[in-house]
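K.L.:
any chance you could fold what I've pasted below:
(2 chains)
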Amino acid sequence: QKEVEQDPGPLSVPEGAIVSLNCTYSNSAFQYFMWYRQYSRKGPELLMYTYSSGNKEDGRFTAQVDKSSKYISLFIRDSQPSDSATYLCAMKNNQGGKLIFGQGTELSVKP
Amino acid sequence: DTGVSQDPRHKITKRGQNVTFRCDPISEHNRLYWYRQTLGQGPEFLTYFQNEAQLEKSRLLSDRFSAERPKGSFSTLEIQRTEQGDSAMYLCASSLVGGAGGSYNEQFFGPGTRLTVL
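P.N.:
Numbers count the residues shown, from 1 in each chain, chains lettered A, B, ... in the order given. Predicted coordinates:
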């Protein structure tokens, strides 16, 4: 069993829709939770990070962490075609530096 | 451009050949990470350095793989006797530890080197 599970999709939505992306994890030592966006043939770029449980909002993006359920989510409001990309969740504990990534969810927003 | 750079961007090689990739981190970033990403999967951690010291290696990093960061700046990843299973995107990232972020230090990724082993 992988430490981080993410539905690979693909997910296709119409422009303007609300998108929900999710990951579950098994390691209770994870304290930092990240969402990265990766366009085709590019490196991942950080969208948001959250420390421990709670919500964080940045423009059209909201990240939620529920440590009791070991479940994290990313919501995208008013989705745009430019949001079409692969979204990766990633996690780390307080020690060391390595990130543990989910499989990535491929999102397509149709005009 | 002051981001993480990787060279080459693409490498095609024949099975059994050795290949070497280079990563130049963001200036003054003291940590440098290597990840491998196969098609349809998320990046998998390989190893990381703090300055010139290699602090952690994944069990994915077989004895055919070696990474160095000799002067604490750029890093190289060498794969000896390449196998078809080594075909992947090799991603480098860097971060600054000890700054205002506390235990969190954002990792900035380079564009990757895509390796194809024939």
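K.L.:
how many residues are close by the closest residue to A:Gly54 other than its chain neighbours?
P.N.:
Setting aside the residues directly before and after it, A:Gly54 is nearest to A:Val65 in space (CB to CB, 6 or more residues apart in numbering or on different chains), at 6.1 Å. For every residue, glycine as well, the C-beta is placed using N, CA and C. Using other CB atoms under 10 Å in any protein chain shown, the number of residues around A:Val65 comes to 24.
K.L.:
does A:Val65 really touch A:Tyr32, like I thought?
P.N.:
No - with contact defined as CB atoms under 8 Å, A:Val65 does not reach A:Tyr32; the gap is 9.6 Å.
K.L.:
between the two, which contacts overlap?
P.N.:
When contacts are counted by CB atoms under 8 Å, 6 or more residues apart in numbering or on different chains, A:Val65 and A:Tyr32 have A:Thr50 as shared neighbours.
K.L.:
tell me which parts of chain B are close to chain A?
P.N.:
By CB under 8 Å from any CB of the partner chain, the residues of chain B that approach chain A are B:4, B:31, B:33, B:35, B:40-45, B:48, B:50, B:55-56, B:58, B:91, B:93, B:95, B:97, B:103-112, B:114.
K.L.:
give me the buried entries from those residues.
P.N.:
Buried members of the residues of chain B next to chain A, counted by 16 or more other CB atoms under 10 Å in any protein chain shown: B:4, B:31, B:33, B:35, B:41-45, B:48, B:50, B:56, B:58, B:91, B:93, B:95, B:104-105, B:107-112, B:114.
K.L.:
for the closest residue to B:Pro43 other than its chain neighbours, name its beta-bridge partners.
P.N.:
Nearest residue to B:Pro43, sequence neighbours excluded (CB to CB, 6+ apart): B:Tyr35, at 3.8 Å. The partner list for B:Tyr35 in beta bridges (DSSP bridges) reads B:Phe45, B:Leu91.
K.L.:
quick one: B:Tyr35 and B:Ala88, what's the gap?
P.N.:
10 Å (CB to CB, to the nearest Å).
K.L.:
shaky segments in chain A?
P.N.:
Within chain A, no stretch has pLDDT under 70.
K.L.:
which residues of it lie near chain B?
P.N.:
Taking CB under 8 Å from any CB as the contact definition, chain A meets chain B at A:4, A:6, A:8, A:31-32, A:36, A:41-46, A:49, A:51, A:88, A:90, A:94, A:96-104.
K.L.:
no more questions from me, cheers.
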